[in-house]
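Asks: Sequence plus predicted model, see below.
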Amino acid sequence: MTRSANEPLIGTSPELSAVLRAARLVAITDVPVLVQGESGTGKELLATALHQDSPRRNGPLITVNCAALPETLAESLLYGHRKGAFTGAHNDQIGYVMQADGGTLFLDEVGELPLAIQAKLLRFLESGECQPVGQGVMAKADVRIIAATNRDLAKEVAAGNFRQDLFYRLNVVPLTLPPLRERGEDIALLLHHYTAQIAQHYDLESPRYHKRTLQHLQRYDWPGNVREVRNLCERMVILCSGREIHPENLPQEIRLPRTPDAANPGFQLPPEGVRLDELEVSLIRQALKQTAGNQSRAARLLGLTRDTLLYRLKKYAIE
């Protein structure tokens with residue numbers, strides 16, 4: 001069972017709610033949007049919501065997986081070509097950009113675009129013009145661009161893999177979806193939602209999650225994010241239909257998550273020990289300094305929810 005791009009983003013956590021509020025504000029404009037987030041956080045769902053909440057909702061939404069575009073055909077696929085433009089071009093072909101005329105073009109994994117295509121995308125963003133391969137004159141299209149990536153594009157710019165001018169043009173309104181490990185309060189909601197949905201799809205009785213199972217799943221890091229939750233729900237519906245799910249029923253990779261590699265054990269306790277409260281205060285202050293006081297971003301750096309960080313700020317009287 002595949003997930004529909006028309007599904008809503010599920011969750012009530014402050015981290016997700018803040019992103020959704022910003023998305024509703026930007027949806028009514030035509031400004032380019034850059035959606036960032038780890039794999040599986042729901043970037044395509046957010047792009048779909050932006051389109052559906054926009055004045056372009058009655059126009060087309062064309063989705064392009066940039067990572068799947070063959071480099072030799074990327075220009076033709078995006079901008080189209082004329083008959084005879086190259087070997088194998090037996091007919092005129094309308095590109096994805098023109099197909100999205102009057103609507104939205106969603107460029108997923110935009111960081112994978114070749115540099116030459118990035119230059120042409122920048123021109124389109126600035127002028128609304130593109131040139132099909134083999135056509136002597138420019139074509140115009142009225143298209144809103146939404147791009148998404150799980151890469152750090154600022155680092156890609158520094159490494160010379162992504163054009164700085166295109167990054168700035170796309171990054172007018174960045175929306176960053178938080179990873180699920182920062183949305184602990186949403187996990188039970190997601191589990192129940194997808195379990196019920198998948199059970200209905202397969203015409204099976206929904207399994208029930210024991211309290212200890214929910215507690216275990218809320219402690220799990222979910223490296224695959226919401227996509228991993230959904231995959232787990234599908235497995236549990238098929239294998240445990242109508243039963244109560246206990247921790248021992250969970251897949252091994254979730255039941256017994258891997259411990260950090262011995263060669264990279266993380267923080268090492270010094271022989272003289274530490275004052276844990278002083279260390280925590282120091283780390284919180286460092287996170288706030290690195291994020292210029294942005295509490296949500298500081299919480300993400302520390303692996304906390306924003307509410308947990310606020311509690312610790314109050315506990316230690318940190319301003």
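Replies: Structure received. Numbers count the residues shown, from 1 in each chain.

Asks: So which bits of stretch 70-86 are buried?
Replies: Within stretch 70-86, the residues that count as buried by 16 or more other C-beta atoms under 10 Å are 74-82, 85. Placement of C-beta: from N, CA and C, glycine included.

Asks: er, stretch 214-227 actually
Replies: In stretch 214-227, counting by 16+ other C-beta under 10 Å, buried: 214, 216-217, 220, 222, 224-227.

Asks: low-confidence ranges in the stretch 1-150 of the chain?
Replies: By pLDDT under 70, the low-scoring segments of the stretch 1-150 of the chain are 1-6.

Asks: what about the helices in it?
Replies: 14-27, 43-52, 74-79, 96-99, 115-127 (DSSP state H, counting those that start in this stretch).

Asks: Leu189: which of those is closest?
Replies: Closest of these to Leu189 is helix 14-27, at 10.5 Å (criterion: C-beta to C-beta).

Asks: Export stretch 24-39 to PDB, keeping only CA atoms.
Replies: Extracted C-alpha coordinates of stretch 24-39, given in PDB (Å, rounded to 0.1, in the frame of the first residue of the first chain):
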ATOM      1  CA  ARG A  24      -0.300  28.400   5.500                       C
ATOM      2  CA  LEU A  25       1.000  32.000   5.500                       C
ATOM      3  CA  VAL A  26       3.300  31.400   2.500                       C
ATOM      4  CA  ALA A  27       0.800  29.300   0.600                       C
ATOM      5  CA  ILE A  28      -1.200  32.300  -0.500                       C
ATOM      6  CA  THR A  29       1.800  33.900  -2.200                       C
ATOM      7  CA  ASP A  30       3.800  32.900  -5.300                       C
ATOM      8  CA  VAL A  31       7.200  33.100  -3.700                       C
ATOM      9  CA  PRO A  32       9.500  30.100  -4.100                       C
ATOM     10  CA  VAL A  33       9.700  27.800  -1.200                       C
ATOM     11  CA  LEU A  34      12.500  25.500  -0.100                       C
ATOM     12  CA  VAL A  35      11.300  22.500   2.000                       C
ATOM     13  CA  GLN A  36      14.100  20.900   4.000                       C
ATOM     14  CA  GLY A  37      14.100  17.900   6.300                       C
ATOM     15  CA  GLU A  38      15.400  14.400   6.700                       C
ATOM     16  CA  SER A  39      14.200  11.600   4.500                       C
END
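
Asks: And the contacts of that stretch?
Replies: With C-beta atoms under 8 Å, 6 or more residues apart in numbering as the test, stretch 24-39 has contacts from 43, 46-47, 49-51, 53-55, 110, 125, 144-150, 153, 169-179, 224-225, 227.

Asks: buried sites along it?
Replies: Taking 16+ other C-beta under 10 Å as the neighbour-count basis, stretch 24-39 is seen to contain the buried residues 26-27, 32-38.

Asks: These in strands, which ones?
Replies: With DSSP state E as the criterion, strands contain 33-36 from among the buried residues of stretch 24-39.

Asks: Okay, domains of the protein per the record?
Replies: 14-178, 181-255, 277-315 (automatic domain parsing).

Asks: now the end-to-end length of the shortest one.
Replies: For domain 277-315, the first and last residues are 10 Å from each other (C-alpha to C-alpha, to the nearest Å).

Asks: How about it, which residues are buried there?
Replies: Those would be 280-281, 284, 287-288, 296-302, 304-306, 309, 312-313, for domain 277-315 by 16+ other C-beta under 10 Å.

Asks: same thing with stretch 85-95?
Replies: Residues of stretch 85-95 classed as buried by neighbour count (16+ other C-beta under 10 Å): 85, 93, 95.

Asks: Now do the contacts for the second one.
Replies: This points to Gln93. Contacts of Gln93 by C-beta under 8 Å, 6+ apart are 76, 80-81, 132.

Asks: what about 6 Å?
Replies: Counting by C-beta atoms under 6 Å, 6 or more residues apart in numbering, Gln93 touches 80-81.

Asks: Please apply the same query to the first one.
Replies: Contact criterion C-beta under 6 Å, 6+ apart gives 133-134 as the residues in contact with Ala85.
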